[in-house]
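Enquirer: From the sequence below, what's the structure:
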Amino acid sequence: MTSSHPGQSVDGRTNPKDVHHQSRLTLSRSPQPYHRGGEALPQAQGHAGSNKHNPDLANLNAYSLPVISRSESSESGTEADDEKGPLLKGLPAPPLRLRKGLRGNSPAGLTPAASPLPTPPAFVDAREFHFFEPRPRAAKKSAEAGTQASDFEAYKRRKRREILRRCTETILQCGIGTIVWSSAGGTTGLVDWMNELTVFLLLAPFVYVCYPVQLTLRARATGKTWIQSFRQGFHVPSRFDPGPLLYPVVLPVLIAISLFQRSIAFLPAAIVCGLSSIPPVITATPKVPVIGEHIHWCLSILPLNASTLRMFYAAHSKPLSLKLGQGCLLTREELVMVFPLHQALMTVLGYLTTSSLDISELQLLSSALINLFLFAQTPQAEILKSMIWLGGLCIFVFCKNILIWEVTLARIPTWKLLRKRPKGGLVSQVDQAICQFLIRRRTQRMRRFSSASDDSDEDALSPFRKTRRRPKFSLNGRACTAGPGPQHVTPSTSLAGEEALLDPSISSNIPRRRTFTAFESGGDKSQTHGTRKPKPNPNGPSAPFLTLSVEQARVRKYVYAGLAYLIVFATILGPVRLYISQRALSGHEPFGWALGYLFGEVPSFRFWVVSNNLDSWICLPSRDASGVSIAPFGTIESVRQYVLGPATTRLLLCAYCGAILLTGIGAVLRLTSVVEVDTRRKVFHGIMVAMLLPTIFVDPCFIALALSLVLAVFLLLDLFRASQLPPISKPLTTFLAPYVDGRDHRGPIIVSHIFLLIGCAIPLWLSLAAVPRTGQAPWIGWDTAVRELSMVSGVICVGMGDAAASLIGRRYGKTKWCWAGGKSLEGSLAFAIAVTCGLYVSWVWLRLGGWAPWPAGSFSSYRTLARCWIAGMGASLMESTLTAANDNVVVPIGLWLLVRGLDI
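Expert: You can find the predicted model right below:
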């Protein structure tokens, strides 16, 4: 038998139709652009070989599976990929693929590929210590040796570029820290904390240096020479990422220094959280793990005991209790307990998010939750704390088993539930009868609805109704069909098939359709004996559900979903509502308070409340303007205070944001089949800019509350979607499927929209931390006269900078950075320009609205523009070098630090 190449016939001549079809298949856009074949993924041997020079040091980044290089696949929008060509631009968008849960049923040979780590893969064929040995001189080299040498040289070039990238990333963090310190270094009282800060800055590098020394001593204990031990201990693997050693440790301290003027307690808590975020492998003791944990705990509280040291002659030593002051809510004992709280949170968050978050993101999230728990004093922070901490813990405790059962039941295929099983007892028979009754009632309603809709269109469809014949194919020279004969495909037959699937007695009477009719039932069965499937584990999580029938499984699926919804609503109406009422609203009912907060200045609403004696439940603002901040006449703030009123302004802001959101979603739905996924994702960035950039300065406290509520809704809906709770999981998955990327396939959580919201909200939340509050009862603490440019840094960075970098970099990016990652200089330049323009326009808007005075001097505008350009360049460079965490969260924090440090 002769095999022919695709596009050729058996006699060797080319078939034009086949060539055209093959070209269309080659040029068609992949429906799964972030999937890789199973054979393309790195094997375990490759992983072991990549870090065999120093396996212990490679464990620093062993929190996620190492995969292909980010140079091959990048998440950032500044990459200049192959979609900038005119041919690929004209290709249609990938077809939508419905997913079950998060990933769905992947085709054969395709597996969801996790977002790759940024570092290049290690040279697998290199021998131990090959990097440090001299190159042997040989007169003649074989072809294989030459290929290995060229691959090794290419690997060394990639590694040099990665080293340059890591050094640039570290130097940039040092530069941001210098700017923040120069801005807050002269703050009164910060000099008293020089001992703690000095010990913190020296302790982390000392611990990092001691780790390779420890590896060297271990290698020496195995009998190796000192030179070999030194090489093994201080060898840096190619997959080593300094991000987990840098961002979770440094960022909390920099934020606390920037906010030191408002609260002193932020700094000691940030120092403890930063040292608690050191990877546990640094202080681990293999023989007795408990000793390593206690060493790490002692290191985290060591700076707190440096108060009495006289490290600087100009500084006066003060005990920690005097430094914290009388108004501080923290004591030394509470600071000591931050480390175990941090470690417990890491365990819970790692369990909930599985592999959706990197280790740096988990560390930063744990530090953020600890600070929210300790320093939630404002009403907005108390509401966010109640939803995240109180509501999250209640759902985790009461719904954990229910959600596990729901996910386990959804993973069981239907054919396993159709097998015959012995009859159970009386309770099992009653349960089966009830479930069959419920399922048959549902099937009958579906049949009546389908027949009613078919009868109305029967006359119109009857001329076009044709028989569907099975396709014919030839086998051994005989014409065969794939079925018994022509069949009429009608809705009744499909419903009958569904009813047969639900009833095992009916399905057993229907003959099973053979896929290949040429193979008779009496054929050779020897092939099936060697391919038996392994027996299921009788003690597995799905074992108790395998005794159920299809009807019982479906009824239980909805029962579990109903219980989960009931617990969630009971949590919201119970402990969360009571906590908000007591801690944030001065004892008022939350729902009535919310009605007065939005509609309190509408005359008809006020008359309705007073006439029905509801003023004790629904709070109404007073008509007295005393205590209101004085604003210049004719500005937006004066219109808000004296013309419209704060409540009516909040109502108009809700209407404006709703109109922008509906318009943006409509535009995205129309563009789904026209543009690629990255462009559709950037439309949401534009929606965030249009909603938040003009409105944050109008009422920052209200926008902060709205973002907190939206974040809680996002987390709750994604919990329902990931747990596959009917009927909300499938519509959510279908809606989000066209907008996900490689990061969303790493675990059960779709993090794109959540990180987008957090990136816009974190700078606003940080700017409002411990600021002076104003407002009249019952809205004491719900307004502030402080307006800062740093409040909108997250919206500018995520909405404008990232979108501009993606759109420009993908289409016009030709000159890439020298390091790996695929990001282009054109995209980074577009990021810097967009951020600079956004900062300067917001600076002008801040003064046009009457929230800040115009500076004196003719060159003040040019100075401000120069500072905006420095902040934009710093954020752009951080975005191009960032690898350890999501850029939608870390880069806005970096821009927030730069804006505050440069005093824009």
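Enquirer: just so I have it, where are all the strands in the protein?
Expert: 35-37, 110-112, 472-475, 478-481 (DSSP state E).
Enquirer: what's the least confident stretch among these?
Expert: Sorting the strands of the chain by mean pLDDT places strand 110-112 lowest, at a mean of 37.
Enquirer: Could you break the protein into its assigned domains?
Expert: Listed domain ranges for the chain are 168-347+356-363, 618-902 (source: automatic domain parsing).
Enquirer: For residue 391, which of the ones you listed is the nearest?
Expert: domain 618-902 (7.3 Å; Cβ to Cβ). All C-beta atoms are positioned from the backbone trio N, CA, C, and that covers glycine.
Enquirer: tell me the mean pLDDT for that closest one?
Expert: 86.
Enquirer: which residues does residue 429 contact?
Expert: Neighbouring residues of residue 429 by Cβ atoms under 8 Å, 6 or more residues apart in numbering: residue 423.
Enquirer: State the distance from it to residue 558.
Expert: Per Cβ to Cβ, to the nearest Å, residue 429 is found 21 Å from residue 558.
Enquirer: got it, and residue 543?
Expert: 22 Å.
Enquirer: Please identify which of the two sits among more neighbours.
Expert: A side-by-side neighbour count of residue 543 and residue 558, using other Cβ atoms under 10 Å, places residue 558 first with 15 against 12.
Enquirer: Wait, that one touches residue 728, no?
Expert: No. The pair residue 558 / residue 728 is not scored as a contact, 12.0 Å apart, by Cβ atoms under 8 Å.
Enquirer: so what sits against both of these two?
Expert: By Cβ under 8 Å, 6+ apart, no residue touches both residue 558 and residue 728.
Enquirer: ranges for the helices of the stretch 201-350 of the chain?
Expert: Using DSSP state H, counting those that start in this stretch, the helices of the stretch 201-350 of the chain run over residues 226-234, 243-258, 266-276, 289-301, 320-324, 332-336, 338-353.
Enquirer: tilt between the second one and helix 266-276?
Expert: Orientation check (axes from the mean of the first three to the mean of the last three Cα atoms, to 10 degrees): helix 243-258 against helix 266-276 gives 170 degrees.
Enquirer: Helix 243-258 - contacts with which helices or strands?
Expert: Counting contacts by 3 or more Cβ pairs under 8 Å, 6 or more residues apart in numbering; DSSP states H and E, helix 243-258 packs against helix 143-184, helix 194-221, helix 266-276, helix 359-375, helix 887-902.
Enquirer: Adding distance to residue 563 and mean neighbour count, write those helices out as a markdown table.
Expert: Formatted as a markdown table, the helices and strands packed on helix 243-258 follow (distance: least, Cβ to Cβ, whole Å; neighbours: other Cβ atoms under 10 Å):
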| stretch | distance to residue 563 | mean neighbour count |
| --- | --- | --- |
| helix 143-184 | 47 | 15 |
| helix 194-221 | 47 | 16 |
| helix 266-276 | 37 | 25 |
| helix 359-375 | 27 | 22 |
| helix 887-902 | 34 | 26 |
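Enquirer: Could you export these as TSV, including distance to residue 417?
Expert: Formatted as TSV, those follow (distance: least, Cβ to Cβ, whole Å):
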stretch	distance to residue 417
helix 143-184	51
helix 194-221	52
helix 266-276	47
helix 359-375	37
helix 887-902	42
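Enquirer: Which of these sits closest to residue 699?
Expert: Closest among the helices and strands packed on helix 243-258, once you apply Cβ to Cβ, is helix 887-902, at 19.9 Å.
Enquirer: Output that closest one as PDB, nothing but the C-alphas.
Expert: C-alpha atoms of helix 887-902 as PDB (Å, rounded to 0.1, in the frame of the first residue of the first chain):
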ATOM      1  CA  ASP A 887       1.100  43.400  36.200                       C
ATOM      2  CA  ASN A 888      -2.500  44.600  36.700                       C
ATOM      3  CA  VAL A 889      -1.900  44.600  40.500                       C
ATOM      4  CA  VAL A 890       1.900  45.300  41.100                       C
ATOM      5  CA  VAL A 891       2.400  48.000  38.400                       C
ATOM      6  CA  PRO A 892      -0.500  50.200  39.700                       C
ATOM      7  CA  ILE A 893       1.100  50.000  43.200                       C
ATOM      8  CA  GLY A 894       4.400  51.000  41.700                       C
ATOM      9  CA  LEU A 895       2.900  54.000  39.900                       C
ATOM     10  CA  TRP A 896       1.100  54.900  43.200                       C
ATOM     11  CA  LEU A 897       4.400  55.000  45.000                       C
ATOM     12  CA  LEU A 898       6.000  57.100  42.300                       C
ATOM     13  CA  VAL A 899       3.200  59.600  42.200                       C
ATOM     14  CA  ARG A 900       3.300  60.100  45.900                       C
ATOM     15  CA  GLY A 901       7.100  60.000  46.100                       C
ATOM     16  CA  LEU A 902       7.400  62.600  43.300                       C
END
